[in-house]
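Asks: need a 3D model of the sequence below.
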Amino acid sequence: MASALKKHLELLSVVQWVLTFLFFGAFFTSLLLCLLFTRLWAISVLYFIWWVIDRDTPERGGRRWDWLRTWRIWQHLSDYFPIKLVRTAALPPDRSYVLGSHPHGIMCAGAFNAFCTEGSGFSRLFPGLRPSLALLAGLFHLPVYREYMMSAGMCPVSRRSLDFLLSRPGNAVVIVVGGASESLDCAPGQHRVTLQHRTGFVRLALQHGAALVPVYSFGENDIFQQLIFPPDSWLRRLQLRFKDLMGFAPCLYWGRGLLPFPSPITVVVGSPILVPRRPFPTPQEVAHYHQLYLEQLHQLFDHHKASCGVPVGCQLSVV
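Replies: Prediction:
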């Protein structure tokens, strides 16, 4: 009985997470628009006034709610896959950090659970550190959804937002470096990251003297199947065009319906790469620390792949 109840709670937790991810923003946007044409129009007007007054909050550290991050439902979500967070080195809260998270996957399940909730025990492993997962800035314009994202510790991936956080010690900004482009190529068994020409996060770290930390989520690509179109096909070009216009890619994926497969994810946080503070870093400095980051990411992957169920002969591909 207890085991069956636990399985049901895990399933409910992943249902609410997926529905929130896919429909929360569109639902409340539509609801507030519809309320404008009813006797409850004042609700929409008052919220819009609040939205205008509060519009700068996402770029000034947000407004996280610890009770939401520690909500018991996230432990059930973590147990569904399960998701495990692994610390390889201490990250003292006396400085700021830029964590590069790889790969993107379909829904960033590992990064969300590890850094936006306490389902994997982040605060226990990294005491005093305040993680912030950076997302598309446009998402923080969506009514009510913005409150939810801020409450979990998410922030816009905008220059103003990242500068605010990294200028204060104890903050760890998590950037999913590969972005939407990487999501189009994720599939079970694939270990391919879009990183070769992504140097903006390194430049950002140098400008603030923030340590660079590679993060790899083993199993992230295994929780969904995806229909991947050839690079030169018109369907892939259509996906890329949509991504350029909207900021995210329309992936054709499936799991247990809309739900992900219960496949293990291990989020491994690497050792920090200390960088000097350079308000105006040179291209050579950016290239140097980018290369150091690439080397450390490869070492992290090779050292942990066997214990995470990846064949020993498998190599990390960087494009």
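Asks: lowest-confidence helix or strand of the protein?
Replies: helix 234-246 (a mean of 84; mean pLDDT, DSSP states H and E).
Asks: just the buried residues of that helix, please?
Replies: By 16 or more other Cβ atoms under 10 Å, the buried positions in helix 234-246 come out as 239, 243. Heads up, the C-betas are built off the backbone N, CA and C, glycines and all.
Asks: now do stretch 194-202
Replies: Quick answer for stretch 194-202 (16+ other Cβ under 10 Å): 194-195, 198-199, 201-202.
Asks: and the residues you listed as JSON lines, adding secondary structure and pLDDT?
Replies: Shown next, in JSON lines, are these (DSSP: H, G, I helix; E, B strand; the rest coil; pLDDT from 0 to 100):
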{"residue": "Thr194", "secondary structure": "coil", "pLDDT": "95"}
{"residue": "Leu195", "secondary structure": "coil", "pLDDT": "96"}
{"residue": "Arg198", "secondary structure": "coil", "pLDDT": "96"}
{"residue": "Thr199", "secondary structure": "coil", "pLDDT": "97"}
{"residue": "Phe201", "secondary structure": "helix", "pLDDT": "97"}
{"residue": "Val202", "secondary structure": "helix", "pLDDT": "98"}
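Asks: packing partners of the host helix or strand of Gln291?
Replies: According to DSSP states H and E, Gln291 maps onto helix 283-304. The contact analysis (3 or more Cβ pairs under 8 Å, 6 or more residues apart in numbering; DSSP states H and E) places helix 283-304 against strand 97-102, helix 200-208, strand 211-218, strand 265-269, strand 317-318.
Asks: the strand or helix carrying Gly25: which residues count as buried?
Replies: Following DSSP H and E, the helix or strand that holds Gly25 is helix 2-35. For helix 2-35, a neighbour-count test (16+ other Cβ under 10 Å) marks 9-10, 13-14, 17-18, 24-25, 28, 32, 35 as buried.
Asks: tell me which of these is nearest to Phe115?
Replies: Trp17 (14.4 Å; Cβ to Cβ).
Asks: include distance to Val86 when you put the buried residues of stretch 194-202 into CSV, please.
Replies: Output for those, formatted as CSV (distance: Cβ to Cβ, whole Å):
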residue, distance to Val86
Thr194, 23
Leu195, 21
Arg198, 24
Thr199, 27
Phe201, 21
Val202, 24
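Asks: from those, pick the one nearest Ala111.
Replies: Relative to Ala111, the closest of the buried residues of stretch 194-202 is Phe201; by Cβ to Cβ it sits at 14.2 Å.
Asks: so who does Asp79 touch?
Replies: 6, 10 (Cβ atoms under 8 Å, 6 or more residues apart in numbering).
Asks: tell me, what residue is most central in the protein?
Replies: Ala111 (4.7 Å; Cα atoms, centre = their mean).
Asks: what sits against the nearest residue to it once chain neighbours are set aside?
Replies: In this structure, Ala111 finds its nearest non-sequential neighbour in Ser101, 4.7 Å apart by Cβ to Cβ, 6 or more residues apart in numbering. For Ser101, the contacting residues are 108, 110-111, 115, 133, 174-177, 215, 217, by Cβ under 8 Å, 6+ apart.
Asks: out of the residues you listed, which is nearest to Arg39?
Replies: Leu133 (38.9 Å).
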